[in-house]
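>>> sequence first, then the predicted structure, then my questions.
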Amino acid sequence: ELASPVTRSPLWPTDVRDADGRIIVASDAHGADSTDATLATAQVPLAGWTVVVHHEGGRPGSPGHLLRTLAWLGPLLVLLSLLLAWGVGRSVRVPLAVLTREAERLAGGDLSTPIPAMGDDEIGRLARAFEDMRLALAASIDEVSRANAVLEARVRARTEELERLNQELQERERIRQRLLRKVMTAQEEERLRLSRELHDEACQTMTALGLRLEAALAEVPPGSRAAEAVAAARDLARRSLDELNRMMHDLRPSALDDLGFVAALRWYADRHLTQSGVDVRFEVTPLPERLPAEIETAVFRAVQECFTNIRRHARAEKVLVQIAFEDGTLAIDVEDDGVGFDPASVAPAPGNPRGLGLLGLRERIELVGGRIQIESAPGRGTLVAIRVPIPEAPHA
């Protein structure tokens, strides 16, 4: 009974020895050999015995055996774990790489190829979600493409219609400009004809009348009522002759045909502005000897309209006229210090006769390919800027 617990010692070799060191009982039938190391000892009270526990590293189940087993089993387990981790990682990485590639393809706009099935796990469900998204995007893009095709067809039809209408409008504008050019040319020709008729007929008639009245005045007694009547008639004939000359030159200044538009403008400004008390100053840089007659006439009539407006409406004291020719463009600026006006208030409108003079001025300049800009404000004077490109003269 006392040896029973020893013989059932499970793990380490154990024996009980008497006071002389003899083995009374051992857990191993062969007892501890000389290679066994004493692990622990304990005295049995009242018996003088000693319980000795040995450390034996070679027996199965012993710590040494267990350590040796773990020595080769541990690396094997680590290797198996690494293999398992690699397999699990690859089983996740490969499908994710496929999904990444498919997602990049979808992002690049390729929606024609279906996304492959990848099982029923989370990655498989993600793949099915990508496939549903691909189908939805493809359907949406098809719908947008159809809508774009319909819209493009409508835009193309509307563009063609607008181009046709624009061509018709441009053709009408060209016809209008040709007619307007003919009208203005006819006006200038009529002005020239009337000026010549006034010079050849009315002026000569008035001159002859004045001479006859001078002769009649010499035949009547000086100081008589008849002399006074004849003298009054003579003075009236002289004033009528002066008025006819003024009308004749206003219709078509001879300086415009003989000396050019600058000389004609100086004459007109002196006759209509300077004599009215307006200080007119010209600043003229060197110009070509003569410009095309059509341009000279258009520019003269435009500036003439400016002078007329200044005399009638501006109440100006000073007027500056700057004329320059640079880079093939004739530049004319007419500036006054008058009361000014709001350009929007004289915009032509149906039933509103105001602004027709400015409209005619603008049309004359545009007919010769130029442009005009008017800057004004109440109390700040007016600036009219005219720019006309001058075509190069053809080489001989």
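Happy to help now that I have it.

>>> which parts of the stretch 201-350 of the chain are strands?
Assigned by DSSP state E, counting those that start in this stretch, the stretch 201-350 of the chain shows strands spanning 279-284, 318-326, 329-336.

>>> find the nearest non-adjacent residue to residue 213, please.
Ranked by Cβ to Cβ, 6 or more residues apart in numbering and with sequence neighbours excluded, the top spatial neighbour of residue 213 is residue 234, at 3.9 Å. Any C-beta I mention is one placed from the backbone N, CA and C, and that applies to glycine too.

>>> how about the contacts made by that neighbour?
210, 213-214, 217 (Cβ atoms under 8 Å, 6 or more residues apart in numbering).

>>> in helices, which of these fall?
The helices, defined by DSSP state H, take in 210, 213-214, 217 from these.

>>> can I get those residues in TSV including neighbour count, distance to residue 73 and pLDDT?
As requested, those are exported to TSV (neighbours: other Cβ atoms under 10 Å; distance: Cβ to Cβ, whole Å; pLDDT from 0 to 100):
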residue	neighbour count	distance to residue 73	pLDDT
210	18	148	82
213	19	153	82
214	14	154	82
217	17	157	81
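
>>> quick one: low-confidence parts of the stretch 1-150 of the chain?
The model of the stretch 1-150 of the chain has pLDDT under 70 over residues 1-12, 28-37, 55-70, 88-92.

>>> show me the helices in it, by range?
4-7, 63-107, 122-197 (DSSP state H, counting those that start in this stretch).

>>> using CSV, lay out those helices together with mean neighbour count and distance to residue 313.
As requested, the helices of the stretch 1-150 of the chain are exported to CSV (neighbours: other Cβ atoms under 10 Å; distance: least, Cβ to Cβ, whole Å):
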stretch, mean neighbour count, distance to residue 313
helix 4-7, 12, 139
helix 63-107, 12, 70
helix 122-197, 12, 23
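
>>> how about CSV for these, with distance to residue 330 added?
Formatted as CSV, the helices of the stretch 1-150 of the chain follow (distance: least, Cβ to Cβ, whole Å):
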stretch, distance to residue 330
helix 4-7, 134
helix 63-107, 62
helix 122-197, 18
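
>>> ok, back up a step: and among the strands of the stretch 201-350 of the chain, the most buried is which?
Mean neighbours per residue, mean count of other Cβ atoms under 10 Å, is largest over those for strand 329-336, with a mean of 20.

>>> wait, what's in contact with residue 369?
388-389.

>>> what helix or strand is it on?
Assigned by DSSP states H and E, residue 369 belongs to no helix or strand.

>>> what's the separation between it and residue 182?
Distance of residue 369 to residue 182, computed by Cβ to Cβ, to the nearest Å: 17 Å.

>>> next one: residue 209
38 Å.

>>> how about residue 268?
25 Å.

>>> and residue 351, what pLDDT?
Residue 351 is assigned a pLDDT of 56 by the prediction.

>>> still on that earlier bit, out of the ones in helices among the contacts of residue 234, flag the one nearest to residue 262.
residue 210 (33.7 Å; Cβ to Cβ).

>>> which residues does the closest one contact?
Contacts of residue 210 by Cβ under 8 Å, 6+ apart are 234, 237-238, 241.

>>> pLDDT added to those residues, as a markdown table?
Below are these laid out as a markdown table (pLDDT from 0 to 100):
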| residue | pLDDT |
| --- | --- |
| 234 | 84 |
| 237 | 83 |
| 238 | 85 |
| 241 | 80 |
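
>>> just the residues you listed: which are in helices?
234, 237-238, 241.

>>> the residue nearest to residue 13 when sequence neighbours are not counted - how many residues pack around it?
Setting aside the residues directly before and after it, residue 13 is nearest to residue 54 in space (Cβ to Cβ, 6+ apart), at 4.2 Å. Neighbour count of residue 54, defined by other Cβ atoms under 10 Å: 21.

>>> repeat that for residue 52.
20.

>>> shift numbering so it begins at 9
Let's use 9 as the start, then, which means that last one is residue 60.

>>> for it, give the beta-bridge partners.
Here residue 60 sits in beta bridges with residue 23, residue 49, going by DSSP bridges.

>>> how close does it get to residue 52?
The value you get for residue 60 to residue 52, if Cβ to Cβ is used, is 11 Å.

>>> which residues do those two both contact?
Common neighbours of residue 60 and residue 52 (Cβ under 8 Å, 6+ apart) are residue 24.

>>> ends of stretch 324-339, how far apart?
22 Å (Cα to Cα, to the nearest Å).

>>> among the helices of the stretch 9-158 of the chain, which comes closest to residue 329?
helix 130-205 (22.2 Å).

>>> distance between the closest one and the chain's centre?
Here helix 130-205 is found 19 Å from its chain centre; the criterion is Cα atoms, centre = their mean, to the nearest Å.
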